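Student: Predicted model and sequence below, questions to follow.
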Amino acid sequence: MSARGTEVASTSGRGAPQPRRLCRWSPPEGGAWRQAAPHWQQQQQSQRRAQRARLQAAPSPPFFERQELGGAGATLDAGAGGAAAAGGAPATERVGVLLLNLGGPDSLDDVQPFLYNLFADPDIIRLPPAVQFLQPVIAQAISTLRAPKSREGYEAIGGGSPLRRITEEQADALRDSLQRQGIDARCYVAMRYWFPFTEEAIAAVKRDGITQLVVLPLYPQFSVSTSGSSLRLLERLLKEDPVLARVKHVVIPSWYARPGYVRAMADLIQAEVARPEVFPEQSAAEIFFSAHGVPVSYIEEGDPYKEEMEECVALVMAELRRRGVANHHTLAYQSRVGPVEWLKPYTDDSIRELAKGGVRSLLAVPISFVSEHIETLEEIDCEYRELAEESGIEHWGRVPALNTNPTFIDDLADAVMEALPYVGSLARSSGSVGSLNSSDSLVPLGEVDALLETYDRDRKVLPPPFLVWKWGWTRSAETWNGRIAMLALVCILLLEATTGRGVVMSLLEVHGLVK
Ligand SMILES: C=CC1=C(C)c2cc3[nH]c(cc4nc(cc5[nH]c(cc1n2)c(C)c5CCC(=O)O)C(CCC(=O)O)=C4C)c(C)c3C=C
Ligand SMILES: [Fe+2]
């Protein structure tokens with residue numbers, strides 16, 4: 001982060017500190033939705049750090065040699081390296097790549113149920129154990145309250161999220177890139193909160209008889225709230241089904257340090273900053289990395305997201321410096337939600353502070369996500385751009401998301417090929433996960449169980465997915481779920497109002513919904 005970047009954490013800019021659309025719930029100063037980590041949590045945190053250090057120190061399996069993979073067609077000859085690393089895997093394997101992503105509403109009607117799924121995830125709204133049973137009720141209430149504003153955002157970008165289309169295009173491009181390198185793999189899209197759900201993708205993996213599965217979250221940096229949440233769901237699905245339980249897999253948990261990804265990001269930034277019609281004076285443009293935020297409590301509990309993000313930005317900037325692009329840069333965090341403290345500096349505060357400090361040219365770089373989505377197309381392109389202009393920024397540019405950028409896709413294909421020899425071999429080989437190359441990522445290559453044990457050990461209980469999956473998200477199910485949840489909410493509020501304070505009441509008070 002630049003020196004300037006570290007100075008913009010102040011929340012005292014002109015006007016309200018929160019972005020105007022996403023953050024209607026402004027966090028109270030030092031907001032305490034979740035208390036600072038108590039002693040036992042700090043202990044757990046240091047245990048987790050020690051465990052991570054042990055994992056990264058674990059001896060790496062031998063490096064994969066590409067020429068040992070043979071054959072096109074629906075099967076992969078695991079070859080000497082692959083078979084050895086896989087601990088005696090059969091000679092022919094069916095390879096699958098499971099791309100994990102968040103998902104987004106396809107239409108305006110999908111917005112509320114999509115938000116429900118998101119807020120029902122205990123990795124997104126983390127309640128104290130005693131009140132976790134309230135999660136569906138709270139999810140219903142928050143999704144209902146947020147839906148109208150959220151719908152406006154999706155309406156502004158064409159009536160739905162482009163995430164499914166782009167992720168499917170990425171899957172096709174990845175399949176083609178692997179094919180060019182002699183690997184015949186099927187690529188599946190597994191969304192966490194909307195169609196095609198992870199359950200559908202996993203059903204297809206089973207149907208296609210995949211024997212070796214490379215799990216690739218489409219998040220460059222690991223966070224418990226994104227990759228961690230998807231892995232937790234995956235863990236349950238793999239365990240539940242005896243056929244799937246036999247599918248050997250490996251997870252590439254984060255890949256922000258891969259050379260192809262870093263190069264592709266640097267290419268996009270270099271091209272954008274060199275557009276004279278946008279930036280008449282190229283060297284004056286501030287390269288402004290805007291990452292999706294997470295609550296600070298996640299980081300305090302061991303989420304490597306912030307560390308990985310900072311390292312990622314440093315790597316991209318180092319690549320740009322090598323190319324002679326010497327512009328100043330800043331890293332800030334956007335899209336905060338709810339009444340807790342999120343990673344700082346906040347993007348809106350940073351924009352104001354930079355403008356106040358005399359910056360007149362700003363190049364926004366979305367860094368935590370590889371597809372265009374509501375937070376690039378609406379939040380950055382509309383809200384932050386408007387804020388920047390109001391604050392005195394005269395020249396504004398935005399780097400496009402990677403989408404199907406060939407350098408990026410080929411690098412993902414390389415990551416898959418490098419991971420293949422470790423499919424099914426990691427947990428058994430060292431009694432723990434190994435590290436393909438610890439300098440590539442703070443989170444070592446691993447298997448779902450082992451990664452969750454390290455990064456998400458305390459939250460093993462998932463909300464019942466039947467609301468959207470087993471019973472299907474039908475109109476009547478939605479209506480009845482809503483009615484039941486609202487009735488429960490009213491009962492709880494009445495109970496709390498007569499007996500004193502409680503979690504729901506406190507939450508609603510903080511949101512200003514009740515006095
Ligand atoms: C690295 C990326 C992301 C992190 C980390 C992340 C954490 C996180 N998100 C929310 C709440 C919301 N996220 C929403 C949409 C959304 N989030 C991401 C990525 C990350 N989220 C993406 C790509 C999208 C957009 C999907 C699309 O439809 O295009 C939303 C809904 C949008 C809205 O209402 O504004 C919410 C809400 C939390 C609370 C959180 C960490 C705890
Ligand atoms: Fe999000």
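Tutor: Happy to help now that I have it. The structure displayed is predicted, hence computed values, not measured ones. Ligands and ions are numbered 1, 2, ... in the order given.

Student: I figured Asp208 hits Val97, correct?
Tutor: No. Contact between Asp208 and Val97 fails when scored by CB atoms under 8 Å: they sit 11.9 Å apart. To be clear about C-beta, it is placed using only N, CA and C from the backbone, and glycine gets the same treatment.

Student: So these two - more neighbours on which side?
Tutor: Val97 (28 against 13; other CB atoms under 10 Å).

Student: Spit out the residues that contact Asp208 and Val97 alike.
Tutor: Counting by CB atoms under 8 Å, 6 or more residues apart in numbering, the common neighbours of Asp208 and Val97 are Arg186.

Student: and Val189, what are its phi and psi?
Tutor: phi -100, psi 120 (degrees, to the nearest 10).

Student: Go ahead and confirm it touches Arg164.
Tutor: Yes. The pair Val189 / Arg164 is scored as a contact, 7.5 Å apart, by CB under 8 Å.

Student: Pick out whichever of those two has more residues nearby.
Tutor: Val189 (26 against 20).

Student: Name the residues contacting each of Val189 and Arg164.
Tutor: What both Val189 and Arg164 touch, as defined by CB under 8 Å, 6+ apart, is the set Pro196.

Student: Flag every residue of the protein that's near ligand 1.
Tutor: 22, 102, 104, 115, 118, 124, 146, 150, 153, 161, 163, 219, 223, 225-226, 292, 294-295, 337, 368-369, 373-375 (CB under 6 Å from any ligand atom).

Student: Just give the nearest non-adjacent residue to the residue of the chain found nearest ligand 1, would you?
Tutor: Nearest residue of the chain to ligand 1, counting by CB to the nearest ligand atom: Gly104, 2.4 Å away. Nearest-residue entry for Gly104: Ser161, 2.5 Å, with adjacent residues in sequence omitted and distances by CB to CB, 6 or more residues apart in numbering.

Student: where does the one you found land in three-state SS?
Tutor: Recorded secondary structure, Ser161: coil (DSSP: H, G, I helix; E, B strand; the rest coil).

Student: got a pLDDT number for it?
Tutor: pLDDT, Ser161: 98.

Student: Now do the contacts for it.
Tutor: 103-106, 154, 194, 373-374.

Student: Format those as TSV; extra columns: neighbour count, pLDDT and secondary structure.
Tutor: Formatted as TSV, the contacts of Ser161 follow (neighbours: other CB atoms under 10 Å; pLDDT from 0 to 100; DSSP: H, G, I helix; E, B strand; the rest coil):
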residue	neighbour count	pLDDT	secondary structure
Gly103	25	97	coil
Gly104	26	97	coil
Pro105	25	97	coil
Asp106	19	97	coil
Tyr154	23	98	helix
Trp194	25	97	coil
His373	22	97	coil
Ile374	22	96	helix
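
Student: same for the helix or strand hosting Val313, what does it pack against?
Tutor: Here Val313 sits within helix 305-322, counting by DSSP states H and E. When contacts are defined as 3 or more CB pairs under 8 Å, 6 or more residues apart in numbering; DSSP states H and E, helix 305-322 packs onto helix 259-273, strand 286-292, helix 296-300, strand 329-334.

Student: By mean pLDDT, show me the worst of the ones you listed.
Tutor: helix 296-300 (a mean of 93).

Student: List the buried residues of that one.
Tutor: Neighbour-count burial for helix 296-300, counted by 16 or more other CB atoms under 10 Å, picks out 296-299.

Student: of those, closest to Asp456?
Tutor: Nearest to Asp456 out of those is Tyr298 (CB to CB; 10.3 Å).

Student: my guess is the closest one meets His292, correct?
Tutor: No. Using CB under 8 Å, Tyr298 is not in contact with His292; the gap is 12.0 Å.

Student: Now the one helix or strand Ala171 maps to - C-alpha only, PDB.
Tutor: For Ala171, the element it lies in under DSSP H and E is helix 163-180. Extracted as PDB, the C-alpha positions of helix 163-180 are listed here (Å, rounded to 0.1, in the frame of the first residue of the first chain):
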ATOM      1  CA  LEU A 163     -22.200 -13.300 -12.900                       C
ATOM      2  CA  ARG A 164     -23.700 -16.600 -14.200                       C
ATOM      3  CA  ARG A 165     -23.100 -15.800 -17.900                       C
ATOM      4  CA  ILE A 166     -19.500 -14.600 -17.300                       C
ATOM      5  CA  THR A 167     -18.600 -17.500 -15.000                       C
ATOM      6  CA  GLU A 168     -20.000 -20.000 -17.600                       C
ATOM      7  CA  GLU A 169     -17.900 -18.300 -20.200                       C
ATOM      8  CA  GLN A 170     -14.900 -18.600 -17.900                       C
ATOM      9  CA  ALA A 171     -15.600 -22.300 -17.500                       C
ATOM     10  CA  ASP A 172     -15.800 -22.800 -21.200                       C
ATOM     11  CA  ALA A 173     -12.600 -20.900 -21.800                       C
ATOM     12  CA  LEU A 174     -10.800 -22.800 -19.100                       C
ATOM     13  CA  ARG A 175     -11.900 -26.100 -20.600                       C
ATOM     14  CA  ASP A 176     -10.600 -25.000 -24.000                       C
ATOM     15  CA  SER A 177      -7.300 -23.900 -22.500                       C
ATOM     16  CA  LEU A 178      -6.900 -27.200 -20.700                       C
ATOM     17  CA  GLN A 179      -7.800 -29.000 -23.900                       C
ATOM     18  CA  ARG A 180      -5.100 -27.200 -25.800                       C
END
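
Student: What helices and strands are in contact with it?
Tutor: strand 95-101, strand 185-191, helix 406-419.

Student: Burial-wise, tell me which of these comes out on top.
Tutor: Ranked by mean neighbour count, the helices and strands packed on helix 163-180 are led by strand 95-101 with a mean of 26 (mean count of other CB atoms under 10 Å).

Student: right, and the helix or strand after that one?
Tutor: Counting by DSSP H and E, the next helix or strand C-terminal to strand 95-101 is helix 111-119.

Student: Summarise which helices and strands that following helix is packed against.
Tutor: Packing partners of helix 111-119 (3+ CB pairs under 8 Å, 6+ apart): helix 135-156, helix 475-499.

Student: which residue packs closest to Leu315, ignoring adjacent ones?
Tutor: Using CB to CB, 6+ apart, the closest residue to Leu315 is Val262 (4.9 Å).

Student: Then Pro400?
Tutor: Leaving aside its sequence neighbours, Pro400 sits nearest to Leu268 (CB to CB, 6+ apart; 6.4 Å).

Student: didn't that neighbour look like it was pressed against Arg398?
Tutor: No. If you go by CB under 8 Å, Leu268 and Arg398 don't touch, sitting 10.2 Å apart.

Student: Common neighbours of those two, please.
Tutor: With CB under 8 Å, 6+ apart as the test, Leu268 and Arg398 both reach Val365.

Student: need the contact list for the residue of the chain closest to ligand 1.
Tutor: 114, 160-164, 193-194, 373-374.

Student: low-scoring stretches of this protein, by residue?
Tutor: Along the chain, the model assigns pLDDT under 70 to residues 1-91, 426-442, 457-515.

Student: How many neighbouring residues does Asp184 have?
Tutor: Neighbourhood size, Asp184 [other CB under 10 Å]: 15.

Student: That one against Glu93, yeah?
Tutor: No. Counting by CB under 8 Å, Asp184 sits too far from Glu93 to count as a contact (10.4 Å).

Student: So what does the residue nearest to Gly104 have for phi and psi?
Tutor: According to degrees, to the nearest 10, Ser161 has phi -90, psi 140.

Student: List the buried residues in stretch 388-405.
Tutor: Buried positions in stretch 388-405, judged by neighbour count with 16+ other CB under 10 Å: 388, 391, 393, 395-399, 401-405.

Student: Just flag the most distant two among these.
Tutor: The largest separation in the buried residues of stretch 388-405, counting by CB to CB, is between Ser391 and Thr404 at 33.9 Å.

Student: What's the first helix or strand after the strand or helix carrying Ala388?
Tutor: In the assignment (DSSP H and E), Ala388 maps to helix 385-391. Note on helix 385-391: by DSSP H and E, the next helix or strand toward the C-terminus is strand 395-398.
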